[in-house]
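Participant: coords please:
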Amino acid sequence: MKKLVLIMLVMSIALFGAFAGGETDNGATVSTDGSTSMEKVILSLAEQYMADNAGVNVTYNPTGSGTGITAALEGRCDIGLSSRALKAEEKESGLTETIVALDGIAIIVNADNPVADLSIAEIADLFTGKISNWSEIGGADAPVVPIGREAGSGTRSGFEEITGVEDACVYSQELTSTGAVITAVSQNPGAIGYASLASNLDSVKAVTVEGVVATEDTVKSGEYKIQRPFVFATKSDTPLSAAAQAFFDYATSADASSIIAGAGAVPVV
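Facilitator: Numbering: from 1, shown residues only. Model prediction:
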């Protein structure tokens, strides 16, 4: 119910053109915008924070990492959410990067796919078309259907950089949210995709990568290689509002670690 209220509040803010850090009839508003992979983390943090701080509204606009970074830079939100590290030019343009958590990027296949483990080299070959049939790596005689995120997605950027396939993937579909990728993979026997470990992966199968399962422990230890940061992007030269700073301080403190872990990500404090 609280998640529904959050989403409705986000929609009302978008419709009426509210600005970051503004006041509403209910009190102070803290606006976040960006990564869809961070949905569970940011909504869990917001829910707990609002329960502990009556009169504060923390909103989330799931637009994707690139859009969230731009929104933070242009002052259209208090905190931009990025599921990749900020680029040098983004920092130079006036943004500060704060890592809130780490996240594994799970490699997902259809639940009925017999393939259970892949090397990073095999993953790269599957997404670039060098391996075009699952039978080439011990699977069924079925075409490989690579499914990914849209350009600008932090998940896509992280996945392609780690596996060395930037600008080389031959996606059958490029979808605008992590949830859409998971749904598409669950419905196609030959599909392969990638999704945040913090997402609900019950409808698909996450393969091991070079024998390592993607878990909080293996991400934190570095054993699981396909991982990236969850980032808060804020303007370097403009202080946050008092309400936004208080939420920022909470979300990056040890007090929030259990909330972040409960949302499927790996806390860094």
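Participant: alpha carbons only for contacts and neighbour counts from here, please
Facilitator: OK.
Participant: can you point out the buried residues in stretch 73-87?
Facilitator: Residues of stretch 73-87 classed as buried by neighbour count (16 or more other CA atoms under 10 Å): 73, 75-86.
Participant: which one of those residues is nearest to residue 42?
Facilitator: Among these, residue 81 lies closest to residue 42 (CA to CA), at 8.8 Å.
Participant: might one say that that closest one is in contact with residue 229?
Facilitator: No: assessed by CA atoms under 8 Å, residue 81 is found out of contact with residue 229, at 10.6 Å.
Participant: mind listing residues that contact stretch 171-187?
Facilitator: Applying CA atoms under 8 Å, 6 or more residues apart in numbering, the contact partners of stretch 171-187 are 36-37, 64, 108-111, 127, 145-150, 153, 191-196, 199, 201, 203-204.
Participant: and if you look at stretch 65-79?
Facilitator: Under CA under 8 Å, 6+ apart, the answer for stretch 65-79 is 19-21, 30-36, 80-84, 93-95, 152-154, 232-235, 240-241, 244.
Participant: how close does residue 171 get to residue 265?
Facilitator: 27 Å (CA to CA, to the nearest Å).
Participant: and the spatially most central residue of the chain, what does it touch?
Facilitator: Closest to where the C-alpha atoms of the chain average out (CA atoms, centre = their mean) is residue 37, at 2.2 Å. Contact analysis of residue 37 by CA under 8 Å, 6+ apart lists 83, 155, 177, 178, 195, 196, 198, 199.
Participant: next step: those restricted to helices.
Facilitator: 155, 178 (DSSP state H).
Participant: among the contacts of residue 37, who's most crowded?
Facilitator: The most crowded member of the contacts of residue 37, judged by other CA atoms under 10 Å, is residue 155 (32 neighbours).
Participant: where do the helices sit along the protein?
Facilitator: 2-16, 39-52, 65-73, 88-92, 120-128, 154-163, 178-187, 216-221, 242-251, 257-262.
Participant: save the ones you listed as TSV, and put in distance to residue 141 too.
Facilitator: Output for the helices of the chain, formatted as TSV (distance: least, CA to CA, whole Å):
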stretch	distance to residue 141
helix 2-16	42
helix 39-52	36
helix 65-73	36
helix 88-92	44
helix 120-128	14
helix 154-163	25
helix 178-187	17
helix 216-221	32
helix 242-251	47
helix 257-262	39
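Participant: and residue 171 and residue 265? Which one has more around it.
Facilitator: Taking neighbours as other CA under 10 Å, residue 171 and residue 265 compare with residue 265 leading, 29 against 18.
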